[in-house]
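A.B. asks: coords below, sequence missing:
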Ligand code: AMP
C-alpha cells in the first residue's frame with residue numbers, strides 16, 4: 001500500500017480587518033455657475049441679461065449678440081429650451097430643423113425635448129450625401145444653404161430653429177428649401193429678434209408663425 005502524500009492546502013488569504021471607515025460621504029454635485037448679477041438669484045436673471053453684446057464684431061457698426069454666455073449657464077440653457085418648447089406642447093411636430101451653427105445647439109435640444117428627429121440645415125458644401133439647396137442674398141454677395149435630399153418625408157411637420165433673426169434672409173431660404181423638400185413648416189423659433197431689421201414680418205408674410213424670446217432694438 002502506497003502512503004498518500006499529504007496534499008498541500010492552498011494558503012488562504014487572510015481577510016484584512018475592515019477599515020474603520022467613517023460613513024461614506026455623498027459626492028457633492030457641482031452647482032450650476034450663477035450668472036453675475038449683483039443681488040439677483042441666478043434662477044431669476046432674465047434670458048436677455050444672460051446674452052453678451054459685443055460692439056464692433058465681426059465688423060464696425062455691428063453689435064453681435066453672443067448666446068454662448070446663455071448656453072454655458074445651466075439655468076439659462078434649461079429655461080431657453082423650456083420656453084421654446086412650451087408653446088408647442090400638444091401640437092404635431094415630426095422633426096426640428098436647425099440652421100448652422102448655433103441653430104444646431106438649440107434645435108438639437110428642442111428636438112430632444114419634443115422626442116423628434118433633427119435635420120441640419122447647413123452652409124454650402126458641408127453635407128456628405130446628395131443635397132438640395134437654395135441660394136440667398138446677403139448684405140454683400142450670396143450664400144447657399146443645403147439639406148440632404150432624403151432629409152424630409154413629404155408632409156412632415158417641421159419646426160425651424162435658429163439663434164437669431166435679423167433680416168430674415170437665412171430663415172426664409174431655409175423655409176423655401178424645407179417646403180421644396182415637402183415639409184409643412186409649423187413655425188419658426190428664435191431666441192433673439194432684431195425687430196428693426198424686419199425679418200419677423202417677412203417670415204410671417206409667408207404664412208409662418210414666428211416665436212422669439214428676447215428683443216434687442218437696433219441692429
Ligand atoms: P439674417 O439672415 O439677416 O436674419 O441673419 C440671421 C443669421 O445671422 C443668424 O444665423 C444669426 O446667427 C446671424 N446674425 C445676424 N446678425 C447677428 C447679430 N447681430 N448677432 C449675432 N448673430 C447674428
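C.D. replies: Received the coordinates, thanks. Keep in mind that what you see is a predicted model, and the values were worked out from it rather than measured.

A.B. asks: next one: phi and psi at the residue nearest the centre of the chain?
C.D. replies: Nearest residue to the geometric centre of the chain (C-alpha atoms, centre = their mean): residue 106, 1.5 Å. When quoted as degrees, to the nearest 10, the phi and psi of residue 106 stand at phi -70, psi -50.

A.B. asks: helix or strand for the closest residue to it other than its chain neighbours, which one?
C.D. replies: Using C-beta to C-beta, 6 or more residues apart in numbering and skipping the chain neighbours, the partner closest in space to residue 106 is residue 161 (5.5 Å). The way it works is simple: take the backbone N, C-alpha and C, and place the C-beta from them, glycine included. Using DSSP states H and E, residue 161 sits within strand 157-165.

A.B. asks: after that strand, next one along is what?
C.D. replies: Past strand 157-165, the next helix or strand by DSSP H and E is helix 169-180.

A.B. asks: which strands and helices sit next to that next one?
C.D. replies: strand 95-99, strand 117-123, strand 131-137, strand 142-148, strand 157-165, strand 184-193, helix 199-204 (3 or more C-beta pairs under 8 Å, 6 or more residues apart in numbering; DSSP states H and E).

A.B. asks: of the ones you listed, which approaches residue 28 most closely?
C.D. replies: strand 184-193 (31.7 Å; C-beta to C-beta).

A.B. asks: who in this protein is up against the ligand?
C.D. replies: 62-65, 99, 102, 162-171, 199 (C-beta under 6 Å from any ligand atom).

A.B. asks: what's the ChimeraX line that selects buried ones from these?
C.D. replies: Buried residues within those, by 16 or more other C-beta atoms under 10 Å, are selected in ChimeraX with:
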select :65,99,102,162,163,164,165,166,167,168,169,170,171,199
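
A.B. asks: enumerate every residue touching residue 189.
C.D. replies: The neighbourhood of residue 189, defined by C-beta atoms under 8 Å, 6 or more residues apart in numbering, consists of 84, 110, 159, 160, 161, 210, 211, 212.

A.B. asks: now the helices and strands packed on helix 169-180 as a markdown table including mean pLDDT and distance to residue 54?
C.D. replies: Converted to a markdown table, these look like this (pLDDT from 0 to 100; distance: least, C-beta to C-beta, whole Å):
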| stretch | mean pLDDT | distance to residue 54 |
| --- | --- | --- |
| strand 95-99 | 98 | 20 |
| strand 117-123 | 98 | 22 |
| strand 131-137 | 97 | 25 |
| strand 142-148 | 97 | 22 |
| strand 157-165 | 98 | 13 |
| strand 184-193 | 98 | 13 |
| helix 199-204 | 98 | 20 |
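
A.B. asks: thanks a lot, catch you later.
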